[in-house]
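Undergrad: Make a model of this:
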Amino acid sequence: MTKFLMVDVESVNSNVPRSEFSESDLNMIADMILNSGGIVKPLVLKKTGFEKYEVVNGHFEYHAAVRASEKNSIAGEMVNALIISSEKEEAILKQVAALKGIEFSNQPINTITQTTNSESSRIANLELRLERQLNDFRSELAQERERIEDKLNKIESQIPKQITPLDVFNTLSLSELTLRLVNAGFSNQTAIKVTESVEKERNKKLFVSLNDVVIRVKITSGKRQVKGITSDKMIAIIDSWSRTLFI
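TA: This next block holds a predicted model:
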């Protein structure tokens, strides 16, 4: 089984040491990778463990991707790769060798009869086909990223926003505030009275503290005006709201 994936560059290992390549070349390609948003030629990897991979082909590109990650850990975090199964490794290596213009065969070199021009033409055709496949892959990858971002945005929009108790009294609608007061232990009738008083007071001036709410919010009890929310009740409200998702 063979598939394209975006993998964390830190999960990849190469048995070819970095010292085999010119640091100036690695730096140059690393900058190009960061500027273009990824490597043009995906790494060919085989899985060696859970989310662990080894480079089968593309050792230079791998070390350049590592250098890009060192330069910018966010932009260079992921690298596009072709993941191959162990039973496909030999076939993939043959294909890679063919793309490089090398005849992968056990036959002696003197049995190769193709001319240089025909070999170059064949390689050019193979590279053109590979480039088309890479373009298709990049297009599919961009579309998949858009789909994932859309899903994440939808999920994020569904998560209730956390607000402070003071903002609850200053900003929520009458129906929302009434519901939250009922959830905090007020009777429906008392919650409505308190909410109406809150609306009246905040229209004059926004509350500056929870103590300001306790002082200014009044409701009618019989023939008297009493505090709609006592200090003890305010403590109970905060405790109740702190255990719910919406605050």
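Undergrad: what helices or strands is the lengthiest helix in the chain leaning on?
TA: When the chain is parsed with DSSP state H, its longest helix is helix 116-158. Counting contacts by 3 or more CB pairs under 8 Å, 6 or more residues apart in numbering; DSSP states H and E, helix 116-158 is packed against strand 2-8, helix 89-99. The C-beta positions use only the backbone N, C-alpha and C, and glycine is treated the same way.
Undergrad: Toward the C-terminus, what is the element adjacent to that helix?
TA: On the C-terminal side of helix 116-158, the closest following helix or strand by DSSP states H and E is helix 165-171.
Undergrad: Geometric centre of the chain: which residue is closest?
TA: Centrality entry for the chain: nearest residue to the mean C-alpha point is Glu149, 7.7 Å, by CA atoms, centre = their mean.
Undergrad: Ramachandran angles for the residue of the chain most remote from its centre?
TA: Centroid-distance maximum for the chain: Lys223 at 60.2 Å, with CA atoms, centre = their mean. When read as degrees, to the nearest 10, the backbone of Lys223 gives phi -110, psi 10.
Undergrad: what's the distance between it and Ser24?
TA: Distance of Lys223 to Ser24, given as CB to CB, to the nearest Å: 90 Å.
Undergrad: Likewise for Ile74?
TA: Relative to Ser24, Ile74 is positioned 24 Å away (CB to CB).
Undergrad: least trustworthy helix or strand in the protein by mean pLDDT?
TA: Lowest by mean pLDDT, DSSP states H and E among the helices and strands of the chain is helix 89-99, with a mean of 75.
Undergrad: Only the buried residues of stretch 14-34, if you could.
TA: Applying a neighbour-count criterion of 16 or more other CB atoms under 10 Å, one finds 14, 21, 26, 29-30, 33-34 buried in stretch 14-34.
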